[in-house]
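**Q** coordinates only, no sequence provided:
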DNA sequence: CTGAATCCCTGCCGATACTG
DNA sequence: CAGTATCGGCAGGGATTCAG
C-alpha cells in the first residue's frame, strides 16, 4: 500500500504520487519492501546471507526444516526482488553461490528497525 | 524468525536468546513486527491512524474498497498487537474512536525504513 | 549437487447478509 | 453506527518425487 508517515519528522514529500492512495498498490515502496520479505522463512534466508555468501546446501544445513521447494521459491523471489544474486560455478559437481546484492545488504537496517520495534515492550 | 544482523554496525548483542534459531519462531522480534503488519490493508490502516484518531466510518470512507469484515479483522489484529486502542463513547448513536498507542506511533520509523528501501532503485 | 514438478491441505480475503 | 456470520475462491506452504 502507499504511505505517508504523516506527522513524523522528517517525513517524505507529499508530492510522491505513490502516496495518498486508498487501496493496496503494488508500486508503493512499502508494498515493495513487504513483498520482498513476504512469506515464511524469507527473513531467515536473508539473515543467513547477511553473514556472507552461501551455497544451496549450506543454506539447507543452516535451516534444516526448510524444504527444497520453499528454499527454491524464496531464492527465486529474492532474486526477482533484486536482493540476491545467483552465480553458477562451472565444473563438477555443479555448485551455486548465493550472495546479497548491495540493495539486499541495505535490508540490514530494515530488519534492524523491525527487530527494534518487535523487541520493545508492547 | 529470529535474526542477527550480522556484520551491520552497531548490531544487536548476540546473547539475545531470540537470535540464532534455525526456524521461524513467533517470539522473534522480527516475526512479531511482521505479524503486526501482516495482511492486506494493514499498513494503510496504520498510515491513516498516523494522521490522528479516527472513527470506524472515517476509516471506511478513507479506504472505500476495504470491506467491513477485513477492517474489523485488522483493527482487532492491531489492537491485539498493542498498536491501536479502541474507545467506545457512550450515547447515541454509538461511536468508537481508534487511535495509535505510543507503541503504535513508533511504527512510523519502521514504515519509513520500509518506504526508503522500497523506493531505492533495485 | 541443485533444483523443478506435483499433490494436497490450510488459511486468507472478498462478497453478501444480518445484528445490537 | 459499528460491527459479526457465513460461504467460496485462491494462493501459500509442506512432503514427496523427478530431473539436469
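**A** Sure thing, it's come through. Note that the structure is predicted; figures quoted are calculated from it, not measured. Numbering: from 1, shown residues only, chains lettered A, B, ... in the order given.
**Q** how close does residue A:55 get to DNA strand D?
**A** 13 Å (CB to the nearest atom of the strand, to the nearest Å). For every residue, glycine as well, the C-beta is placed using N, CA and C.
**Q** what parts of chain A come near DNA strand C?
**A** Residues of chain A found near DNA strand C (CB under 7 Å from any atom of the strand) are A:24, A:55-57, A:68-69, A:72, A:75-76, A:86, A:93-96, A:98.
**Q** counting by contacts, list what the host helix or strand of residue A:60 packs against.
**A** Assigned by DSSP states H and E, residue A:60 belongs to helix A:56-62. Packing partners of helix A:56-62 (3 or more CB pairs under 8 Å, 6 or more residues apart in numbering or on different chains; DSSP states H and E): helix A:42-50, helix A:68-80, strand A:95-100.
**Q** ok, back up a step: would you mind listing the two of the residues of chain A next to DNA strand C that lie farthest apart?
**A** In the residues of chain A next to DNA strand C, two members sit farther apart than any others by CB to CB. They are A:24 and A:93, at 43.9 Å.
**Q** same list, the helices and strands packed on helix A:56-62, but as TSV with mean neighbour count and mean pLDDT please.
**A** TSV is the format used below for the helices and strands packed on helix A:56-62 (neighbours: other CB atoms under 10 Å in any protein chain shown; pLDDT from 0 to 100):
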stretch	mean neighbour count	mean pLDDT
helix A:42-50	23	98
helix A:68-80	15	98
strand A:95-100	16	96
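**Q** pLDDT below threshold where in chain A?
**A** By pLDDT under 70, the low-scoring segments of chain A are A:1-15.
**Q** next one: phi and psi at residue A:108?
**A** phi -50, psi -60 (degrees, to the nearest 10).
**Q** please work out how many residues are found near it.
**A** Residue A:108 sits with 20 neighbouring residues when counted by other CB atoms under 10 Å in any protein chain shown.
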